[in-house]
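S.K.: structure for the following, please:
(2 chains)
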Amino acid sequence: MSKLTVVEGSYAVAHAAKVCRPDVIPAYPITPQTHIVEELSKFAANGEIGACEYITVESEFSAISALIGACAAGARTYSATTSQGLALMHEVLFNASGMRLPLVMTVANRAMSAPLSIWNDHQDSIAQRDTGWIQLYAEDPQEAADMTPQVYKICEDNKIMLPAMACFDGFILTHVYEPVVLLEQDLTDEFLPPFAPEHILDPSNPKTFGAFADPGVYSEFRYMQELGMSAALKKIETVADEFNEIYGRYYGGLIDGYYLDDAEIVLVAMGSVIGTIKDVLDELRAEGKKVGLLKIRSFRPFPTDAIRNAVKNAAIIVPLDKSISIGKYEGALCTEIKASLYNTKIDIPVLGYMFGHGGRDIPPERIKKIVSEAEKAIVNGITIESSYVDLREELL
Amino acid sequence: MSSKLCIGGIVEPGSTVINKTGSWRTFKPIYQKEKCIKCGICELSCPENCIIKTEDGYYEIDYDYCKGCGICSNECPRETIEMVLEEK
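M.R.: Residues are numbered from 1 along each chain as shown, chains lettered A, B, ... in the order given. Next comes the predicted model:
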């Protein structure tokens, strides 16, 4: 039995990054991610990450640029960011994926300004959806820590070679103290082979990365990125199994289910709210309500086939989003789930709810309210396809 | 080098030897040897090294890579280089 230690979520993730033996960590602090890079700076200063070069850069734009240079030169890299920091990286995120550099970055999910908010939702990483990065979402600090070597193993595969964001909820998970198994160095060395890219920047064997592509070849480079994402669909599953074999912990591959097999109402969610939903489902199942949970672990690549298979017997599907596309009035999960079901024989109503934006609490009662609304919609049909479930009408 | 595309747009040096960028040209420089005084300003001003000195001291244009910027034509003191709309 592995030893449990009570640590902050950020420490668990920083420790996980350490045992992956990164060569270069360009770091810039931003709430609520700061504790991760602070812990790593202590590890580096104490000589606990071998010859790792810890670079204090002057912005997130510099951090991601340094990540690209280091990774192209053959280094395993790590950094962490959130919200405005991730947005500042936006332009360079495309370069990382386009150059097929398997950067690993933890995103401590936080709302976007304005209005200024330092609290959790998923708008920051969802806004980077089309940058060509793999995006996995963790439900608790243990999964966030365990996800770190998993994403290295996924994105460094020579059929994939894409950067990855390991996302976990800011404050709710970064700042919570929980019993966690800190990843063992010997097991991690067994699980994660050294980074051995096919192409590296080397003055004695010069190459250009991300060279000019005229209209005759541009689409083919994009298509090859798509092939990398397709390969990741399989790899995410096998890596989760391999992790389970070595460490004895499993959180699902692309997706995971809770009371899913016979569920009439299927809630779909990502991140820390999964824990709340599981508790509520235990209660509702005791009352005989056939409610289940589809946890989305991989948002990119989007597991279309796995989702179709998981929900095909439901009476109603209820995506729950911590993001909003303003002008469509629905969250990313809602949009993507509906798109996944079109052009199939699956004809199940989809009732979307947004909640928990800008760090608003999601108490169990809110989940119960959503389930009772879904029960009504099964009988009466859907009147509003997507809405905020926790809107404070009295302030409007 | 493989003829198939390499992921990440990764190329080895000298790839522009293969990619003949002359196809970008809209106006083609036409060199008129009879007007030339061999001053060499065109050769010095070409940003692509596409004006090449011949053995007799005159010049010729490398149309494989000349993008038709027209700097040579603009700089020539004797109007030796005429820019003509490319026919493709």
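S.K.: just want the most central residue of chain B.
M.R.: For chain B, the residue sitting closest to the mean C-alpha position, by C-alpha atoms, centre = their mean, is B:Cys66 at 2.6 Å.
S.K.: A helix includes that one, no?
M.R.: No. Using DSSP: H, G, I helix; E, B strand; the rest coil, the assignment for B:Cys66 is coil, not a helix.
S.K.: what residues are up against it?
M.R.: The neighbours of B:Cys66, taking C-beta atoms under 8 Å, 6 or more residues apart in numbering or on different chains as the test, are B:Gly22, B:Arg25, B:Lys28, B:Pro29, B:Glu48, B:Cys50. C-beta here means a position set from N, CA and C on the backbone, and glycine is covered the same way.
S.K.: what distance do you get for it to chain A?
M.R.: B:Cys66 sits at a distance of 17 Å from chain A (criterion: C-beta to the nearest C-beta, to the nearest Å).
S.K.: where neighbours are concerned, which of the contacts of B:Cys66 has the most?
M.R.: When the contacts of B:Cys66 are compared by neighbour count (other C-beta atoms under 10 Å in any protein chain shown), B:Pro29 ends up highest, at 24 neighbours.
S.K.: let's verify that residue: helix, strand, or coil?
M.R.: strand.
S.K.: mind checking how far the nearest residue to it once chain neighbours are set aside is from B:Ser73?
M.R.: Among residues not flanking B:Pro29 along the chain, B:Ile81 sits closest, at 4.9 Å (C-beta to C-beta, 6 or more residues apart in numbering or on different chains). To B:Ser73, B:Ile81 is 4 Å away according to C-beta to C-beta, to the nearest Å.
S.K.: which neighbours do those two share?
M.R.: In contact with both B:Ile81 and B:Ser73: B:Pro29, using C-beta under 8 Å, 6+ apart.
S.K.: hmm, which helix or strand of chain B has the shakiest average pLDDT?
M.R.: In chain B, no helix or strand scores lower on mean pLDDT, DSSP states H and E than helix B:15-18, which sits at a mean of 80.
S.K.: which strands and helices sit next to that helix?
M.R.: Helix B:15-18 sits against no helix or strand, with contacts defined as 3 or more C-beta pairs under 8 Å, 6 or more residues apart in numbering or on different chains; DSSP states H and E.
S.K.: okay, now whatever residue of chain B ends up closest to chain A: neighbour count?
M.R.: Here the residue of chain B nearest chain A is B:Gly8; by C-beta to the nearest C-beta that distance is 3.5 Å. The tally of other residues near B:Gly8 (other C-beta under 10 Å) stands at 28.
S.K.: check A:Asp140 too.
M.R.: Neighbour count for A:Asp140, taken as other C-beta under 10 Å: 22.
S.K.: distance check, it against A:Ser2.
M.R.: In this structure, A:Asp140 and A:Ser2 are 16 Å apart, going by C-beta to C-beta.
S.K.: what of A:Met229?
M.R.: Between A:Met229 and A:Ser2 the distance, using C-beta to C-beta, works out to 33 Å.
S.K.: who has more neighbours out of these two?
M.R.: Here A:Met229 and A:Ser2 are compared on neighbour count by other C-beta under 10 Å; more neighbours surround A:Met229, at 18 against 13.
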